[in-house]
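Model the following, please.
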Amino acid sequence: MAETRRRDAAATKAAILASARRGFARSGYDGVGVREIAEGAGVTAMMVNRYFGSKEQLLGEVIAQIMAEPTILTRENIEAPDFAARIATLLVDITAAGDTPLDGFLIMLRSSSEEAAAIARGQIEAHYHRRLTNSLAGDLAPQRAAIVLAVVAGFQLMRQVIGLSALADADPDDLRTLLEPLFRQLLDRHR
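Alright, predicted model coming up:
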């Protein structure tokens, strides 16, 4: 009986996280309510609060879950001798015209409140920024890591969301050729 409860609790928590992820990606932190998230998960708003305490904590959990499964900042990529080439290739690949932007990017893009920004900043600093900073040798590693993250986010925004034609319609090989030395300069400094 106890195993069934745990399994149900885990399934309920997973359903709430999945519903919140969809809702936050679609409408941002401010545009989706706990009741809508609960309805999408097939539970009550009280259950959402029971499992996560608050909508703020739920957003933090969703972002942490997304960042626990990185697309670009995987251990394999970071430790590869050609990380600059890999990050350029992956960035071009995940921002292909017509593809849907990644959930984490959409959540941050569509969440404009100071509260959501603080939650996102805390998660980015605890996950992506820390992981990348710790992998860099040399001076100004935190700043270099932050610039890499800014280039990735800016490129996603301009190519995939805004659809700037010089990026959206560009030959992917040309974009990789332009991005790789930029990432190499930021990542390989004093390596």
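
quick one: the spatially most central residue of the chain from E69, how far?
With distances taken as CA atoms, centre = their mean, the chain has G104 as the residue nearest its mean C-alpha position (3.5 Å). For G104, the distance to E69 (CB to CB, to the nearest Å) stands at 10 Å. For every residue, glycine as well, the C-beta is placed using N, CA and C.

repeat for G138
Relative to E69, and taking CB to CB, G138 is found at 28 Å.

Look at the two and report which has more neighbours.
Comparing G138 with E69 by other CB atoms under 10 Å, the one with more neighbours is G138, at 11 against 8.

Next, that one: secondary structure please.
In three-state terms, and counting by DSSP: H, G, I helix; E, B strand; the rest coil, G138 is coil.

Tell me, what's the model's pLDDT at it?
G138 is assigned a predicted lDDT (pLDDT) of 91.

List of residues touching the host helix or strand of I119?
Using DSSP states H and E, I119 falls within helix 114-124. Residues outside helix 114-124 that contact it (CB atoms under 8 Å, 6 or more residues apart in numbering) are 28-30, 56, 59-60, 63-64, 67, 107-108, 111, 149.

ok, then the element right after it?
Past helix 114-124, the next helix or strand by DSSP H and E is helix 130-135.

Buried residues in that next one, which are they?
Buried residues in helix 130-135, counted by 16 or more other CB atoms under 10 Å: R131, L132, T133, S135.

residues near the nearest residue to the third one once chain neighbours are set aside, how many?
Sequence neighbours aside, A145 is the residue nearest to T133 in space, at 4.3 Å (criterion: CB to CB, 6 or more residues apart in numbering). Other residues within reach of A145 by the criterion other CB under 10 Å amount to 22.

The helix or strand of the chain with the lowest mean pLDDT: which residues count as buried?
The helix or strand of the chain with the poorest confidence is helix 2-31; it has a mean of 85 (mean pLDDT, DSSP states H and E). By neighbour count on 16+ other CB under 10 Å, the buried set for helix 2-31 is 12-13, 15-17, 19-25, 27-29.

and the direction of the next helix or strand after it versus that of helix 2-31, what angle?
Using DSSP H and E, the helix or strand that follows helix 2-31 in sequence is helix 34-41. Put simply, helix 34-41 runs at 130 degrees to helix 2-31, going by axes from the mean of the first three to the mean of the last three CA atoms, to 10 degrees.

which strands and helices sit next to helix 34-41?
helix 2-31, helix 45-52, helix 55-67 (3 or more CB pairs under 8 Å, 6 or more residues apart in numbering; DSSP states H and E).

chain center to the longest one, what's the gap?
By that I understand helix 2-31. Counting by CA atoms, centre = their mean, to the nearest Å, helix 2-31 is centred 17 Å from the centre of its parent chain.
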